[in-house]
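K.L.:
okay, here's the prediction I keep looking at, along with the sequence it came from:
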Amino acid sequence: MTIILEADHLTKIYGSERAVNEVTFALGEGTSTALIGPNGAGKTTTLSMLGGLLEPTTGTISLNGEKRADVRKHIGFLPQYPQFFSWLTALEFTEMAAKLSGMDARSAKLEAQKTLEFVGLGDALRKKTGTFSGGMKQRLGLAQAIVHKPKLLLLDEPVSALDPVGRREIMNLLKSLQQDMTILYSTHILNDAEEMTDQLLFLRKGQLVEQGSIGDVRAKYDQPRYRVEFG
Ligand code: ATP
């Protein structure tokens, strides 16, 4: 299998705290993987380093075998709390994201429109993002993450703030993206992970304590004393 992303001894230290400690893993092209762990495990910090938003203290990241790959072009990132410019319309915002990834103005407009339709915001193209509900914002966040058709999609707790209907809609969208993109997404809920994939990386206190199939990890950890940590 072709490896699309490799994290090698990735570490982030804040003051005296090792938020992420010597984390090493690889993602095969076309796979979906859940990064699971309780609050404070280091999921956001790990994804932020992979997405180029945060510099690792030590360790390296390779994308398609390159340490200096153009992250904006090849990676899509949905932060846990996406921020939008409230005065822009959904179309303007998504177009801006497309241009930032290197797309020319004409393609950016076309792709922004297509992507917003894909995520179910076709009727809201010209609405200002400041008027959007939580569910609409999450769809818009997803649109800006995929508008440039990245090879790798990083999603930080994409459904944890949503009600059951919104959650279902976003999960369905993510499932339909699985054919085209490699996906790494964080969650603290094992059932969510299980719905999307069989593969997981289990972080605890900044350490990667398990990686492999959900079945194996469940068998090992799904004991009463661990349940609380899975959330
Ligand atoms: P959650 O599920 O609550 O979002 P998480 O698994 O995403 O948690 P992180 O947000 O990566 O965990 O945090 C890991 C650790 O690093 C935590 O102890 C957190 O307090 C600490 N941390 C994160 N960002 C900073 C920062 N900017 N400065 C100092 N400490 C930080």
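P.N.:
Thanks, I have the structure now.
K.L.:
show me which residues of stretch 197-208 are buried.
P.N.:
Residues 197, 199-204, 206-208 are the ones in stretch 197-208 that count as buried (16 or more other CB atoms under 10 Å). C-betas here are computed from N, CA, C, even on glycine.
K.L.:
for these, work out which two are farthest apart.
P.N.:
Pairwise distances across the buried residues of stretch 197-208 peak at 22.5 Å for Thr197 and Gly206 (criterion: CB to CB).
K.L.:
on that earlier part again, can you list the buried residues of stretch 197-208 in CSV and add pLDDT, secondary structure and distance to Thr57?
P.N.:
As requested, these are arranged in CSV below (pLDDT from 0 to 100; DSSP: H, G, I helix; E, B strand; the rest coil; distance: CB to CB, whole Å):
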residue, pLDDT, secondary structure, distance to Thr57
Thr197, 88, coil, 29
Gln199, 92, strand, 27
Leu200, 93, strand, 25
Leu201, 96, strand, 19
Phe202, 93, strand, 22
Leu203, 95, strand, 16
Arg204, 94, strand, 19
Gly206, 96, coil, 11
Gln207, 96, strand, 15
Leu208, 96, strand, 16
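K.L.:
the ligand next: which of those residues are close?
P.N.:
Applying CB under 6 Å from any ligand atom, the subset of the buried residues of stretch 197-208 adjacent to the ligand is empty.
K.L.:
where's the residue lying closest to Pro150 once chain neighbours are set aside relative to Lys128, distance?
P.N.:
Nearest residue to Pro150 in three dimensions, chain neighbours excluded: Gly76, at 3.8 Å (CB to CB, 6 or more residues apart in numbering). From Gly76 across to Lys128, the span is 23 Å (CB to CB, to the nearest Å).
K.L.:
in space, what's closest to the residue nearest the centre of the chain - neighbours in sequence excluded?
P.N.:
By CA atoms, centre = their mean, the chain has its centre lying nearest to Leu155, at 1.4 Å. Spatial nearest neighbour of Leu155, excluding adjacent residues (CB to CB, 6+ apart): Tyr185 at 3.7 Å.
K.L.:
secondary structure element holding that neighbour?
P.N.:
Following DSSP states H and E, one finds Tyr185 within strand 182-187.
K.L.:
which SS state does the residue nearest to Pro150 fall under?
P.N.:
Put simply, Gly76 is strand when judged by DSSP: H, G, I helix; E, B strand; the rest coil.
K.L.:
correct me, but Ser107 touches Ala98?
P.N.:
Yes. Here Ser107 reaches Ala98: they are 7.2 Å apart, a contact under CB atoms under 8 Å.
K.L.:
the more surrounded of these two?
P.N.:
In this view Ser107 and Ala98 are compared by other CB atoms under 10 Å, and Ala98 has more residues nearby, 24 against 15.
K.L.:
pLDDT score assigned to that one?
P.N.:
We have a pLDDT of 96 for Ala98.
K.L.:
list the contacts of the helix or strand that contains it.
P.N.:
Per DSSP H and E, Ala98 falls inside helix 90-100. Identification of contacts with helix 90-100 by CB atoms under 8 Å, 6 or more residues apart in numbering yields 72, 84-85, 88, 105, 107-109, 111-113, 115-116, 121, 124-127, 129, 132, 140, 143-145, 147-148.
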